[in-house]
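Colleague: predicted model and sequence follow; I will ask about them next.
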Amino acid sequence: MTITKERKAELIKEFGKNEKDSGSARVQVAILTERIRELTEHMKSHQKDFHSRRGLLMLVGQRRRLLGYIKGNDIEEYRDLIKKLGIRDNV
């Protein structure tokens, strides 16, 4: 239920300013989105796994806070990011 190093490197390369930029908000949101998708698939077959459910909800909250930060600083960057990631606008 974790992201492989290769997939993480792809996300950093796609959303970061360079291949070393793993801490920017855009990259963090992209990585969190990938983890959320994996956990969502896990929860479909393991409905009673409440520990993973809690972790999933925490990841969603973290991503929401980061998206709110991006939206407050640059609305165009925010719109571009949610369009690329395929997530809804509810921040």
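Modeller: Sure, I can see it. Residues are numbered from 1 along each chain as shown.
Colleague: from here on, contacts and neighbour counts on C-alpha atoms
Modeller: Fine.
Colleague: what sits up against the lengthiest helix in the chain?
Modeller: Counting by DSSP state H, the longest helix found in the chain is helix 50-73. By Cα atoms under 8 Å, 6 or more residues apart in numbering, the surrounding residues in contact with helix 50-73 are 25-26, 28-29, 32-33, 36, 39-40, 43, 77-78, 91.
Colleague: give me that answer again for 7 Å
Modeller: With Cα atoms under 7 Å, 6 or more residues apart in numbering as the test, helix 50-73 has contacts from 25, 29, 32, 36, 39, 78, 91.
Colleague: next SSE downstream of it?
Modeller: Next helix or strand after helix 50-73 toward the C-terminus (DSSP states H and E): helix 75-85.
Colleague: now, of the contacts of helix 50-73, which are buried?
Modeller: The neighbour-count test (16 or more other Cα atoms under 10 Å) applied to those identifies 25, 29, 32, 36, 39, 78 as buried.
Colleague: possible to save the residues you listed as JSON lines with secondary structure, distance to Lys71 and pLDDT?
Modeller: Formatted as JSON lines, these follow (DSSP: H, G, I helix; E, B strand; the rest coil; distance: Cα to Cα, whole Å; pLDDT from 0 to 100):
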{"residue": "Ala25", "secondary structure": "helix", "distance to Lys71": "11", "pLDDT": "95"}
{"residue": "Val29", "secondary structure": "helix", "distance to Lys71": "12", "pLDDT": "97"}
{"residue": "Leu32", "secondary structure": "helix", "distance to Lys71": "17", "pLDDT": "97"}
{"residue": "Ile36", "secondary structure": "helix", "distance to Lys71": "20", "pLDDT": "97"}
{"residue": "Leu39", "secondary structure": "helix", "distance to Lys71": "25", "pLDDT": "96"}
{"residue": "Tyr78", "secondary structure": "helix", "distance to Lys71": "5", "pLDDT": "96"}
